[in-house]
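A.B. asks: Sequence and predicted model, in that order:
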Amino acid sequence: MGKKWIVSILFLATVIFLAACGSSEKSDSNGSSGDGDLPVYSVATDSNFQPFEYLNPETNELEGFDIDLIKAIAEEVGFEPDFQTMEFDGLLGSMRTGKNDIGIAGISITDERKEEIDFSDKYYDSGLILAVPVDSDIESINDITSDHVVGARQGSTSEDFLLNNTDAEVSAFPEIVTAYMDLQAGRLDAVLYDLPNVLYYIKENADGELKTVGDVMEGQPYGIAFPKDSDLVEPVNEALAKLKEDGTYNEIYKKWFGTEPPQ
C-alpha cells in the first residue's frame, strides 16, 4: 500500500472519530446537554422591589424573598433559573409574548391579567397602602382630590387603582423608589403602592419623614407568572405546596419579614 493511501485512510478515520465525538455532545429536546445537566428556564424579575427582589450593590447579586423562593422551587422541580431583570411593565409583556418562561416580582393576581397570562397558586397576600409625609393632612384615599399629585409604579395595580378610583393627577414611575424619593422631596403629595414595599422603604429610608395612612386596599395576592398554557404551572404549584408543607417556605418568609407567615 502506498504512502498516499495510508495518509488518506488515517485522515478518514480522524474525521469519523471527530464526528462521533461531536454527536455525543448534542443537547436533548428539553434544553439540557444530555449529560445530566438541568434544563434552564429564563426568570423575568425586578431589581428594585425590596424586600422581594433587589440587586445587592456590594455583591452585585439578586437577593430577596422572591429570589430565594424561586430558587427553592427550581431545586424542587429540577431546573436552573436564568434571572433577567427588567422594568415591571416589560416583565408582564414578556409573559404575554412568551419571551421569558417565568416571571416573579410581587405580581398581583388579577382577573384582567389572567386573561393573558397564567399564574401559580398564590404565595403572598398583599394590598395597596397610601404613603404621605408625616405632616400631611391626607388621612386616607378618600382625601385624595384632583389637586393632588400621587405617585405609583408603571403597569402596576396601584396605577390602575388611582386612574379608576380617584381624580388625582397620577405620576407613574418605572421604579417605585423614584416615587418615594419625589414624595420625600415634596414633588408628590402621596404614593400608592404595595404594603410590604412601602413599609420596608419607610423603615429603611424614611423613618420620621413618611407614614402610611388609611386602610389596606385591593387585597390581591402575589403569584408566579407564566405565558399562557405553560407546562411549568403544575410542577411549580406542586413544588410550592411541598415547600409550605416541609417548612422551607416559612424559613424563607421569616428570613425576609422577621415573623412567621400568617395562617
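C.D. replies: Yep, that arrived. Numbers count the residues shown, from 1 in each chain.
A.B. asks: Spatially nearest residue to the residue nearest the centre of the chain, not counting backbone neighbours?
C.D. replies: Geometric centre of the chain, nearest residue: residue 105, 2.0 Å, by C-alpha atoms, centre = their mean. Nearest non-adjacent residue to residue 105, counting by C-beta to C-beta, 6 or more residues apart in numbering: residue 46, 4.1 Å away. Using the backbone N, CA and C atoms, a C-beta is placed for each residue, glycine as well.
A.B. asks: The nearest residue to residue 241 once chain neighbours are set aside: which element?
C.D. replies: The shortest distance from residue 241 to any non-neighbouring residue, by C-beta to C-beta, 6+ apart, is to residue 121 (7.4 Å). Counting by DSSP states H and E, no helix or strand carries residue 121.
A.B. asks: and stretch 193-202, how far out from the chain's middle?
C.D. replies: 16 Å (C-alpha atoms, centre = their mean, to the nearest Å).
A.B. asks: what's the weakest-modelled helix or strand in this protein?
C.D. replies: Here the helix or strand of the chain ranked lowest by mean pLDDT, DSSP states H and E is helix 3-23, holding a mean of 40.
A.B. asks: and after it, which helix or strand comes next?
C.D. replies: Downstream of helix 3-23 (by DSSP H and E), the next one is strand 40-45.
A.B. asks: residues in contact with the first helix or strand past that following strand going along the chain?
C.D. replies: Downstream of strand 40-45, the next assigned helix or strand under DSSP H and E is strand 48-49. With contact meaning C-beta atoms under 8 Å, 6 or more residues apart in numbering, strand 48-49 is reached by 54, 55, 64, 88, 105, 106, 175, 176, 177, 197.
A.B. asks: Top of the residues you listed by number of neighbours, please.
C.D. replies: Among those, residue 176 has the most neighbours (other C-beta atoms under 10 Å), with 26 neighbours.
A.B. asks: I'd like the distance between residue 123 and residue 259.
C.D. replies: In this view, residue 123 and residue 259 are 16 Å apart by C-beta to C-beta, to the nearest Å.
A.B. asks: more neighbours, the two?
C.D. replies: residue 123 (26 against 8).
A.B. asks: pretty sure the more buried one is touching residue 223, no?
C.D. replies: Yes: counting by C-beta atoms under 8 Å, residue 123 touches residue 223, with 6.7 Å between them.
A.B. asks: circling back to that earlier point, if I look at the residue nearest to residue 105, how far off is residue 107?
C.D. replies: Relative to residue 107, and taking C-beta to C-beta, residue 46 is found at 10 Å.
A.B. asks: Overlap in contacts, those two.
C.D. replies: Taking C-beta under 8 Å, 6+ apart as the contact rule, residue 46 and residue 107 both touch residue 91.
A.B. asks: end-to-end on stretch 180-197?
C.D. replies: 11 Å (C-alpha to C-alpha, to the nearest Å).
A.B. asks: Ok, stretch 104-120 next?
C.D. replies: Stretch 104-120 has an end-to-end distance of 10 Å (C-alpha to C-alpha).
A.B. asks: what's the answer for stretch 37-56, then?
C.D. replies: 28 Å.
A.B. asks: in it, what counts as buried?
C.D. replies: By neighbour count on 16 or more other C-beta atoms under 10 Å, the buried set for stretch 37-56 is 38-39, 41, 43-54.
A.B. asks: cool, and stretch 242-256?
C.D. replies: So, applying 16+ other C-beta under 10 Å, buried residues of stretch 242-256: 243, 248, 249, 252, 253, 256.
A.B. asks: cool, and stretch 215-229?
C.D. replies: Applying 16+ other C-beta under 10 Å to stretch 215-229 flags 217, 218, 220, 221, 222, 223, 224, 225, 226, 227 as buried.
A.B. asks: from these, which is closest to residue 164?
C.D. replies: residue 218 (10.4 Å; C-beta to C-beta).
A.B. asks: Do you know the pLDDT at that closest one?
C.D. replies: Looking at residue 218, its pLDDT is 80.
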